[in-house]
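In: coords please:
(one chain, ligands or ions: 2)
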Amino acid sequence: MDALKLLTQDHRTVERLFKAYERAGDRAIKEKQRLADEVIRELSIHASIEEQFLYPTARELSDKLDSQVLEALEEHHLAKATLAELEKISPGDERFDPKMTVLMENIRHHIEEEEEDLFPKLKRLMDSADLAVLGEAMEAAKKLAPTHPHPMAPDTPPGNIVSEALAKILDSGKDLVRGTARSARRAVTARLNPARSSR
Ligand SMILES: [Fe+2]
Ligand SMILES: [Fe+2]
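Out: Ligands and ions are numbered 1, 2, ... in the order given. As a prediction, the model looks like this:
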């Protein structure tokens, strides 16, 4: 698939999750957790493939894109830091919703800049065969990309490619720990307030 089409599809997926999160009621803790988990997963994978493939390609094609890509990397970095914080708290925490709101605002701004500015510029610099090759590489990399945020890991080549493999290993451990923490929390909530825990 065309690289820019693939990334734009990812953007729409994230937007759908954001809208569903905004529609979820204040007390829909379980639903918000499920949606936030999906957002964390989708954005971690998406950021990783842009950092591995799209951004280095853009810089190679034109020096004029340097500052734009560097700004995008900073936006990714801040988003990953927020995602990592969201992983540590639950939607019952008073800081959760505000963090999600700020994250959504920032990501929507970032997506708009990519779709309105960076992607059209790349479309002018690359032909459809180049975009197809890049898209195929991204599709393959999506299957191996980290599913959790790693804000302190390198985000430019060659460091980010080595760390992707390590991130994948760390992520499987994280999923295990998160699953255990969640069931423990559910057990405590059930004991303290049986009516609430059924939601
Ligand atoms: Fe991006
Ligand atoms: Fe993007």
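
In: So which residues make contact with stretch 151-166?
Out: For stretch 151-166, contacts defined as C-beta atoms under 8 Å, 6 or more residues apart in numbering pick out 47-48, 51-52, 55-56, 73, 76-77, 80-81, 83-84, 141, 144-146, 150, 167. All C-beta atoms are positioned from the backbone trio N, CA, C, and that covers glycine.

In: Could you tell me which residues within it count as buried?
Out: P151, A153, D155, N160, I161, S163, E164 (16 or more other C-beta atoms under 10 Å).

In: quick one: average confidence on that stretch?
Out: Stretch 151-166 carries an average pLDDT of 86.

In: and L7, how far is that from D175?
Out: 25 Å (C-beta to C-beta, to the nearest Å).

In: T189 too?
Out: In terms of C-beta to C-beta, T189 sits 21 Å off from D175.

In: need the contact list for the residue nearest to the spatial centre of the chain.
Out: Nearest to the geometric centre of the chain sits L43, at 1.2 Å (C-alpha atoms, centre = their mean). If you count contacts by C-beta under 8 Å, 6+ apart, L43 has them with V14, A79, K80, L83, I107, P149.

In: more crowded one of L7 and D175?
Out: Counting neighbours by other C-beta atoms under 10 Å for L7 and for D175 shows that L7 has the greater number, 24 against 14.

In: Tell me where the model's unsure across this structure.
Out: Across the chain, the ranges flagged by pLDDT under 70 are 195-199.

In: Figure out how far the longest helix along it is from the centre of its chain.
Out: Scanning the chain for the longest helix, with DSSP state H as the assignment, gives helix 159-192. Helix 159-192 has its C-alpha centroid displaced from the chain centroid by 16 Å (C-alpha atoms, centre = their mean, to the nearest Å).

In: on that earlier part again, got a ChimeraX select line for the buried ones in the contacts of stretch 151-166?
Out: In ChimeraX, a selection of the buried entries from the contacts of stretch 151-166 looks like this (16+ other C-beta under 10 Å):
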select :47,48,51,52,55,56,76,80,83,84,141,145,146,150,167
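
In: List the ones among the contacts of stretch 151-166 that fall in helices.
Out: Per DSSP H, the subset of these in helices is 47-48, 55-56, 73, 76-77, 80-81, 83-84, 141, 167.

In: Sort out which one of the residues you listed lies nearest A20 for me.
Out: L83 (17.2 Å; C-beta to C-beta).

In: if I look at that closest one, how far off is H148?
Out: Counting by C-beta to C-beta - L83 and H148 are separated by 8 Å.
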